[in-house]
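>>> only geometry, no sequence info:
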């Protein structure tokens, strides 16, 4: 089990079970919500437990997905797609302590910002 939180501690959670490797998303929505690209692991809904949702707000970022963020400190934390069967994507940077995670791939590279390069040797997918 691994825990995590937003910057101010208003949203805390635990994840159980195996974590998917992080996926770095460079789409316009992820860049706008995070200020850069967004990297997340993912777990099944039954492996995700909110231990405090005092400041959690959900935003419908499209007709198919919503994003969870802390309305006090602004941390972008969660992403859920209606077609993922309840899977929850969790921002890798919100996890506490060593995670053992690695970045598996970069997605929506076609939409990445022009101010940075991806040079880590990880697979790059133009769309997804």
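Ah, there it is. As the structure is a prediction and not an experimental result, all values here were calculated from the model. Numbering: from 1, shown residues only.
>>> Beta-bridge partners for the spatially most central residue of the chain, please?
For the chain, the residue nearest the mean C-alpha position is residue 91 (3.0 Å; C-alpha atoms, centre = their mean). Bridge pairing for residue 91 (DSSP bridges) gives the partners residue 40.
>>> Check the contact between it and residue 39; I expect there is one.
Yes: Residue 91 is in contact with residue 39 according to C-beta atoms under 8 Å; the separation is 7.1 Å. In this view, the C-beta of every residue, glycine as well, is placed from N, C-alpha and C.
>>> Now do the residue nearest to the centre of the chain against residue 57, distance only.
Look at residue 91 and residue 57: by C-beta to C-beta, to the nearest Å, they are 15 Å apart.
>>> go on, residue 19?
Separation of residue 19 from residue 57 (C-beta to C-beta): 24 Å.
>>> Mind checking which of these two has more residues around it?
Neighbours per residue, other C-beta atoms under 10 Å: of residue 19 and residue 57, the larger number sits with residue 19, 18 against 12.
>>> Apart from its chain neighbours, what residue comes closest to the more buried one?
Excluding the flanking residues, the one nearest residue 19 by C-beta to C-beta, 6 or more residues apart in numbering is residue 41, at 4.5 Å.
>>> just checking, the one you found touches residue 90?
Yes: using C-beta under 8 Å, residue 41 is in contact with residue 90, at 5.6 Å.
>>> which residues are in contact with both of those two?
Common neighbours of residue 41 and residue 90, counting by C-beta atoms under 8 Å, 6 or more residues apart in numbering, are residue 15.
>>> show me where pLDDT drops low in the protein?
84 (pLDDT under 70).
>>> Distance from stretch 73-81 to the middle of the chain?
7 Å (C-alpha atoms, centre = their mean, to the nearest Å).
>>> who touches that stretch?
Against stretch 73-81 from outside (C-beta under 8 Å, 6+ apart): 6-8, 10-11, 33-34, 38, 40, 55-56, 64-70, 86-91, 94.
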